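Novice: when you get a sec, could you give me coordinates for this:
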Amino acid sequence: MKNRIFVYFIGLVLIPALSCSHSKNKNDLMGEKNRVLQEGDGSISLKLEDAACYSDALNPSHNTAEWKMVISRPGRFKVWLSSATRDTMDLHYANSVKISLLDNELEINPACDKIFPNSGEYPSSYFRADSYMGSFFVSEPGEYHIQVISEKVTAKNTSVQNNSRVEDTMLKSVILTPLVR
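Specialist: Numbers count the residues shown, from 1 in each chain. Presented below is the predicted three-dimensional model:
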């Protein structure tokens with residue numbers, strides 16, 4: 001009987017310890033290295049490569065990228081989705097893209113609102129295409145979580161080499177720019 005109680009007690013101690021370890025790893029994904037600070041001009045650039053990414057193999061339209069961002073100067077921000085594309089007429093997003101901040105969500109089918117040829121950020125066969133998503137209002141300085149849901153979000157462990165076809169469009173970043181009067 002004492003052995004059963006001991007095994008039960010060890011199980012109660014080990015299971016929470018292991019799950020805390022797992023949640024610690026998740027927190028590390030969203031830890032200091034994933035914290036993005038507001039630039040001097042008030043803008044915030046959230047690169048997909050710096051996000052904590054989650055992939056849904058059954059439904060890629062639920063793939064998610066998350067960042068922690070620190071806003072030192074609150075206000076209204078225009079939200080832009082930046083993509084690398086080969087086709088400046090159609091970005092080839094199969095589903096709408098959702099961006100959530102606080103209790104607000106923007107959802108659109110990205111379009112080529114701004115085109116930057118030869119931006120130098122992407123391979124020469126791609127153009128940078130920015131899509132206007134809308135705007136968010138942040139009333140106080142602080143640390144905030146922002147989330148993007150799109151089939152174009154790919155986990156870091158999914159490399160281009162593993163993908164047999166070359167993507168026409170790749171989601172690269174979310175850019176917040178302060179709205180000034």
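Novice: give me the most central residue, this structure.
Specialist: Centroid-nearest residue in the chain: residue 65, 2.9 Å away (criterion: Cα atoms, centre = their mean).
Novice: just confirm that one is within a helix.
Specialist: No. Using DSSP: H, G, I helix; E, B strand; the rest coil, the secondary structure at residue 65 is strand, not a helix.
Novice: any low-confidence regions in this protein?
Specialist: Applying pLDDT under 70 to the chain flags residues 1-34, 155-166, 181.
Novice: residue ranges of the strands in it, please?
Specialist: For the chain, the strands defined by DSSP state E cover 35-37, 44-47, 52-54, 64-71, 75-85, 97-101, 104-108, 114-116, 127-138, 142-149, 169-178.
Novice: to residue 91, which of these lies closest?
Specialist: For the strands of the chain, distance to residue 91 was read as Cβ to Cβ. The smallest value, 4.8 Å, belongs to strand 169-178. (Glycine included, C-beta is placed from N, CA and C.)
Novice: so what does that closest one touch, helix or strand wise?
Specialist: The contact analysis (3 or more Cβ pairs under 8 Å, 6 or more residues apart in numbering; DSSP states H and E) places strand 169-178 against strand 44-47, strand 75-85, strand 127-138, strand 142-149.
Novice: apply 10 Å and report the result again.
Specialist: Of the remaining helices and strands, those touching strand 169-178 by 3 or more Cβ pairs under 10 Å, 6 or more residues apart in numbering; DSSP states H and E are strand 44-47, strand 64-71, strand 75-85, strand 97-101, strand 127-138, strand 142-149.
Novice: what's the closest of those strands to residue 168?
Specialist: Proximity to residue 168 (Cβ to Cβ) singles out strand 75-85 among these, at 6.5 Å.
Novice: and the closest one, what's buried?
Specialist: Buried residues in strand 75-85, defined by neighbour count with 16 or more other Cβ atoms under 10 Å: 77, 79, 80, 81, 82, 83, 84, 85.
Novice: got it, and stretch 48-68?
Specialist: Taking 16+ other Cβ under 10 Å as the neighbour-count basis, stretch 48-68 is seen to contain the buried residues 48, 50-55, 61-68.
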